[in-house]
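> Got a sequence here, can you build the structure:
(2 chains)
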Amino acid sequence: MLGELFKGLRTTLRYMFEQPVTVQYPEVKRPVRERFRGKHELKRFANGLERCIGCSLCSAACPSDAILVVPAENDPENPTSPGERYAATYEINMLRCIFCGYCEDACPTNAIVLEHQYELSFYDRHTSIYTKDMLLVPPDQGHGEIPPILEQLGNKRPSPPAQIDL
Amino acid sequence: MNILILLIQCLVLTLGVTTGFAYLTLFERRVLARLQNRVGPNRAGPAGVLQPVADAVKLFFKEDIIPSAADRWVYLIAPALAMIPAIIIWAVIPVGCWNIGGDYRACFDPALSGELNNVLQVADMNVAVLYLLAVTSVGVYGITLAGWASNNKYSMIGSIRSSAQLISYELALGLAVLGAVMIAGTLSMQEIVASQSGMWAMIPQFLGLVVFMVSATAEVVRAPFDLVEAEQELTGGYNTEYGSMKFALFFMAEYIKLIAVSAIAVTLFLGGWRFPGLETLGGIVAESSGPGMAAFVVGIVSLLSFLGKVAFFLFLAVWIRASWPRIRYDMLMDLGWKRLLPLGLVNVIMTAFVVVLIPNRWIHSILLFVLGIAILYATARYGQTVRPRSSIEFAPREPLPSTAVEQQSP
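You can find the predicted model right below:
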């Protein structure tokens, strides 16, 4: 009986000289996994144009109805995005979002991506709505070339088609 | 003038003990966390040193609730009844020896104790050990009355459990103390410490020390005997209905009692404030800087030595809490009445015989040490509880008829 008791004492004493497993959170942040689904980001192409073409497919795919997209016509002289339209308003309600990633799957231009930022606390419900300027990446952080079909839609057909067929 | 010194002594001691309690909670939480591979509270102040302050502020600002069905006055008095004995235990414990305005040698020589004016001990009673046993028993009243006055079944059951545990283990505790008193031949704490020159009483009283530590752990309801506040099973025991500072008083009483029993164990078995070479140190300082300085240096070093020994016992308590599971209530009573009480009795009888038959201090100490180890080993090896054997015989299970199985599976 005494042997077991001393064995228990020895075990705990050994742990005392080991490094604790605790991560000191606000100072030290453990990296998340590659496929972690955190805060959304609206991406850009390499030339700085927004990837989002305002198609609202993300909004339609969203199971919790967290995304609001209000599209608008691109100005042909100074387009915001390739293609005919862009998202004039893009809002995600972070209280509703369940981080399922369906919007990411639905997006035809890979505009919306769930990234690794997970510190999303806020003090009131109004600030839970993330607007477009909070989600959009800076212009110099674009990547990828514009697919030819989007160029064609944006520049060669001035009037909006009844349906975007990508 | 003497009254003033006494008041200052009391104030410093009370504040010191209360601060000790506050930092014991931090020490426990940090050490417990490290033993469990965690970090523990390290946010309030550097390395968490302000955590006790934050806890105290929180408890002070909580709402003070008195249940409407409670017996109001008893309910209010019970925390004080638990707290006061825990603090007044400290009156007789010599936390060091600073013979102010006198010779440092009086600390070490009981023959000179008439001229001893130790400011690090509030009262040097000649029946200090009896006082200790009496005061620790009085603490049960606070717990019992708290459970009763709360007018809550859980509190009542918790307090009954608690009282039963405290009363059971007091016997073994008293017997263990008796062994140390027999070796020292006196009931005064100062003389008990003085009598341990050259050899701490834990050598002749090894068995006594073990019995004392186990029953003291049960007496202050620490793990693995913390059935009273088994938070996984009970709401909280006798203090369920208490909140705010009244709860803090119970909490404080428990921890101060833990420090106090560690201090008593140190005084009775580990030579109190003694430290090897302390007397030589006093002599060196007395030659170079005079007797007043020597008394001061001896006082400080003895205080530090005492605190170090107490800290060792406190670490032991935390370590045990981190390592061992809680024992069952019947096992608790079994251990108290069937193991520790006989062991304590054997220790008293053994000590009495050996001390009288062999007058040489060293020989009887070594003999008692060997006997103590042997008895402990025999108890651990052969003293297993006989498990109740079930009288029910289970018939061997018959195999299922093979045809039935085939029919069910087409």
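
> Report the buried residues of the lengthiest strand in chain A.
Within chain A, and with DSSP state E defining each element, the longest strand by residue count is strand A:85-93. Of the residues in strand A:85-93, those with enough neighbours to count as buried (16 or more other Cβ atoms under 10 Å in any protein chain shown) are A:85, A:86, A:87, A:90, A:91, A:92, A:93. The C-beta positions use only the backbone N, C-alpha and C, and glycine is treated the same way.

> Pull out the buried residues from the following helix or strand past it.
On the C-terminal side of strand A:85-93, the closest following helix or strand by DSSP states H and E is helix A:102-106. Residues of helix A:102-106 classed as buried under the neighbour-count rule (16+ other Cβ under 10 Å) are A:102, A:103, A:104, A:106.

> Within the helices and strands, which one has the closest residue in space to residue B:206 that isn't next to it in sequence?
What sits nearest to residue B:206 in space, not counting adjacent residues and going by Cβ to Cβ, 6 or more residues apart in numbering or on different chains, is residue B:372, at 4.1 Å. The secondary structure element spanning residue B:372 is helix B:361-382 (assigned by DSSP H and E).

> Against chain B, how distant is the most centrally placed residue in chain A?
Ranked by distance to the mean C-alpha position of chain A (Cα atoms, centre = their mean), the top residue is residue A:40 at 1.7 Å. To chain B, residue A:40 is 32 Å away according to Cβ to the nearest Cβ, to the nearest Å.

> Kindly list the main-chain dihedrals of that residue?
When read as degrees, to the nearest 10, the backbone of residue A:40 gives phi -80, psi 150.

> Buried residues of the strand or helix carrying residue B:298, list them for me.
Taking DSSP H and E as the criterion, the element that holds residue B:298 is helix B:291-323. For helix B:291-323, a neighbour-count test (16+ other Cβ under 10 Å) marks B:291-292, B:294-299, B:301-303, B:305-307, B:309-310, B:313-314, B:317-323 as buried.

> Following the chain onward from it, which element is next?
Moving toward the C-terminus from helix B:291-323, the next helix or strand (DSSP H and E) is helix B:329-334.

> Report whether the expected contact of the residue nearest to residue B:206 with residue B:205 is present.
Yes - taking Cβ atoms under 8 Å as the definition, residue B:372 is a contact partner of residue B:205 at 7.5 Å.

> Now do the strands in chain A.
Applying DSSP E to chain A gives strands spanning A:40-42, A:67-73, A:85-93, A:112-114, A:129-130.

> Counting by contacts, list what the fourth one packs against.
Here strand A:112-114 touches strand A:40-42, helix A:102-106, going by 3 or more Cβ pairs under 8 Å, 6 or more residues apart in numbering or on different chains; DSSP states H and E.

> Can you lay out those as TSV showing mean pLDDT?
Shown next, in TSV, are those (pLDDT from 0 to 100):
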stretch	mean pLDDT
strand A:40-42	94
helix A:102-106	92
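
> Can you pull the phi/psi pair for the residue nearest the centre of chain B?
The residue lying closest to the centre of chain B (Cα atoms, centre = their mean) is residue B:261, at 2.8 Å. Backbone torsions for residue B:261, taken as degrees, to the nearest 10, come to phi -70, psi -30.

> Show the pLDDT at it.
The confidence metric pLDDT takes the value 93 at residue B:261.

> just residue A:157 next, same as before
Value for residue A:157, per-residue pLDDT: 53.

> quick one: which of the buried residues of helix A:102-106 is nearest to chain B?
Distances from chain B to these, taken as Cβ to the nearest Cβ, are shortest for residue A:104 (36.7 Å).

> For the residue in the stretch 201-350 of chain B that chain A sits nearest to, give me its contacts.
Nearest to chain A, among the residues of the stretch 201-350 of chain B, is residue B:323, at 4.3 Å (Cβ to the nearest Cβ). Shown here is residue B:323, whose contacts under the criterion Cβ atoms under 8 Å, 6 or more residues apart in numbering or on different chains are A:5, A:8, A:9, A:11, A:12, B:35.

> just residue A:51 next, same as before
By Cβ under 8 Å, 6+ apart, residue A:51 lies in contact with A:42, A:43, A:44, A:45, A:81, A:109, A:110, A:111.

> Scan these and report the most crowded one.
Within those, residue A:111 tops the neighbour count with 27 neighbours, counted by other Cβ atoms under 10 Å in any protein chain shown.

> And that residue, how close does it get to chain B?
When residue A:111 is compared with chain B (using Cβ to the nearest Cβ), they lie 41 Å apart.

> Can you check the pLDDT for that residue?
Listed pLDDT for residue A:111 reads 92.

> so how far is residue B:320 from it?
When Cβ to Cβ, to the nearest Å is applied, the distance between residue A:111 and residue B:320 equals 60 Å.

> who in chain A is up against chain B?
Where proximity means Cβ under 8 Å from any Cβ of the partner chain, the interface of chain A facing chain B comprises A:1-2, A:5, A:8-9, A:11-13, A:15-16, A:18, A:20-22, A:24.

> Who wins on neighbours among the residues you listed?
Those, ranked by neighbours (other Cβ under 10 Å): first place residue A:12, 20 neighbours.

> Contacts only, for that residue.
Applying Cβ under 8 Å, 6+ apart, one finds that residue A:12 lies in contact with B:35, B:36, B:319, B:322, B:323.

> let's see it at 6 Å
With Cβ atoms under 6 Å, 6 or more residues apart in numbering or on different chains as the criterion, the residues that contact residue A:12 are B:35, B:322, B:323.

> In a markdown table, list the residues you listed along with pLDDT.
Supplementary listing: the contacts of residue A:12 in a markdown table, determined by pLDDT from 0 to 100:
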| residue | pLDDT |
| --- | --- |
| B:35 | 92 |
| B:322 | 91 |
| B:323 | 91 |
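
> Kindly list the main-chain dihedrals of residue 146?
In the absence of a named chain, chain A is used. Geometry field for residue A:146 lists phi and psi as phi -70, psi 130, criterion degrees, to the nearest 10.

> and it, how many residues sit next to it?
The number of residues near residue A:146, taken as other Cβ under 10 Å, comes to 17.

> Residues contacting the longest strand of chain A, please?
Strand A:85-93 is contacted from outside by A:40, A:50, A:52-54, A:66-74, A:80, A:129-132, using Cβ under 6 Å, 6+ apart.
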